[in-house]
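Novice: The sequence isn't on hand, but the structure is:
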């Protein structure tokens, strides 16, 4: 298709999307009000069934795929056919679960403030789900859905827990797609996500010796050991660009009048390259050989575990598709930028099996995992046309 013709189509789609924005808002409201905490598999699965019914009514074929230990994921495809295509031109992916607990929507109900939609999960990432469905409906009503393009949608149910069940399904279908596009939200500046950090969890434990606080020589304080070690860890990681650790939980001690003999600390670890984790493991192994009790040098009071939750999304996986997406954005007078972000995402699993990936194609806004989360309604028409362009041209 010539660029001029595609531009005319996209401009028309943007105009219609603007005129029908209330339809997008109403669907987004319903999605936010259907709470989907990751750990509530029943709630997540109920939401998947709602999606299934709506997507089938729109004209796509759907299939639920088991993804234990999590709720089933939902695969949809267009053009509709009894059998799913062996390959896709484009596979759109996203997740339906959120980090918010039961009852959060009662505490912070969905609301509109100016051009902002607010509520739990509105930005990460109920907005992305609603956006793709809105884009399809606008294209369908204008007769602009290309019948020759094989498009898949894969909605997963456990991304906020690292996708323990959905990972294999994502990779199974990513292998069968030319491009994988994630409907995770855009960055606060509106940029696409062309790189992601990997995510790991580090747990360290210190074993001291209990005693009476009034008899300083009578015990070894495990919490003080942990706090001193924490400073050493932070100083060491400062030398590695692209590696940072955040202390998220600390446990230890039993009574105020007893020297704590245990301390356990949990860290969120973000890393740009797998070599960073290798260096961290080597450093931790070296520390494990050191005695922590000066009165008993043979004692090893320090143990650790390091578990990878999500791999990084490398820039090479996004390079080609990002340049093509930028050319489509230009037709909408939009200078699309691409950045690296600290959060992990399912797009990294797709890249892990060699897929060409672009992330951050959902709604604009800010506040992921924060109580002031919001989605920008003013950019939805442009985003709608942009998704249509990706559907047409990739």
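Specialist: Right, received. Where do you want to start? Note that the coordinates shown come from a computational prediction; the quantities given were computed from them, not determined experimentally. Residues are numbered from 1 along each chain as shown.

Novice: Can you report how many residues lie near residue 214?
Specialist: 8 (other C-beta atoms under 10 Å). Where C-beta positions appear, they are placed from N, C-alpha and C, glycine not excepted.

Novice: Assumed it was part of a helix.
Specialist: No - counting by DSSP: H, G, I helix; E, B strand; the rest coil, residue 214 is not part of a helix but coil.

Novice: Return the residues in contact with it.
Specialist: By C-beta atoms under 8 Å, 6 or more residues apart in numbering, the contact list for residue 214 is empty.

Novice: buried ones in stretch 8-16?
Specialist: Residues of stretch 8-16 classed as buried: 9-10, 13-14, 16 (neighbour count, 16 or more other C-beta atoms under 10 Å).

Novice: ok, those residues vs residue 147, which is closest?
Specialist: Closest approach between the buried residues of stretch 8-16 and residue 147, by C-beta to C-beta: residue 9, at 14.9 Å.

Novice: what's the closest one in contact with, if anything?
Specialist: Going by C-beta under 8 Å, 6+ apart, residue 9 touches 144, 388, 392.

Novice: In CSV: these, plus pLDDT.
Specialist: Output for the contacts of residue 9, formatted as CSV (pLDDT from 0 to 100):
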residue, pLDDT
144, 94
388, 97
392, 94
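
Novice: Can I get those residues in TSV including secondary structure and distance to residue 55?
Specialist: Formatted as TSV, those follow (DSSP: H, G, I helix; E, B strand; the rest coil; distance: C-beta to C-beta, whole Å):
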residue	secondary structure	distance to residue 55
144	coil	18
388	helix	17
392	helix	20
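
Novice: quick check, nearest of those to residue 100?
Specialist: Of all the contacts of residue 9, residue 100 sits closest to residue 388, with 30.5 Å by C-beta to C-beta.

Novice: how close does that closest one sit to residue 307?
Specialist: Noted for residue 388: a distance of 40 Å to residue 307, by C-beta to C-beta, to the nearest Å.

Novice: between the two, which one's more packed in?
Specialist: Taking neighbours as other C-beta under 10 Å, residue 388 and residue 307 compare with residue 388 leading, 26 against 11.

Novice: That one and residue 141 touch, don't they?
Specialist: No - with contact defined as C-beta atoms under 8 Å, residue 388 and residue 141 do not form a contacting pair (11.9 Å).

Novice: how about the helices of this structure, start to end?
Specialist: 3-19, 21-33, 41-58, 104-107, 127-141, 167-174, 222-237, 274-288, 319-330, 347-352, 380-393 (DSSP state H).

Novice: Ok, which of those comes nearest residue 186?
Specialist: Ranking the helices of the chain by their distance to residue 186 (criterion: C-beta to C-beta) puts helix 380-393 first, at 8.1 Å.

Novice: Contacts for the closest one next, please.
Specialist: Helix 380-393 is contacted from outside by 1, 6, 9-11, 13-15, 17-18, 21, 24, 90, 131-132, 134-135, 138-139, 144-146, 149, 151, 181, 324-325, 328-329, 331-332, 334, 361-364, using C-beta under 8 Å, 6+ apart.

Novice: Narrow the residues you listed to those that are buried.
Specialist: By 16+ other C-beta under 10 Å, the contacts of helix 380-393 give 6, 9-10, 13-14, 17, 21, 24, 90, 131-132, 134-135, 138-139, 144-146, 151, 181, 324-325, 328-329, 331-332, 334, 361-364 as buried.

Novice: Quick check: phi and psi on residue 256?
Specialist: phi -70, psi -20 (degrees, to the nearest 10).

Novice: can you pull the contacts of it?
Specialist: Per C-beta under 8 Å, 6+ apart, neighbours of residue 256: none.

Novice: Break the chain into its domains for me.
Specialist: Domain assignment for the chain by automatic domain parsing gives 3-195+313-393, 198-310.

Novice: so how far is residue 266 from residue 277?
Specialist: Look at residue 277 and residue 266: by C-beta to C-beta, they are 16 Å apart.

Novice: Next one: the closest residue to residue 139 other than its chain neighbours from residue 136, what distance?
Specialist: Nearest residue to residue 139 in three dimensions, chain neighbours excluded: residue 145, at 4.7 Å (C-beta to C-beta, 6 or more residues apart in numbering). Noted for residue 145: a distance of 7 Å to residue 136, by C-beta to C-beta.
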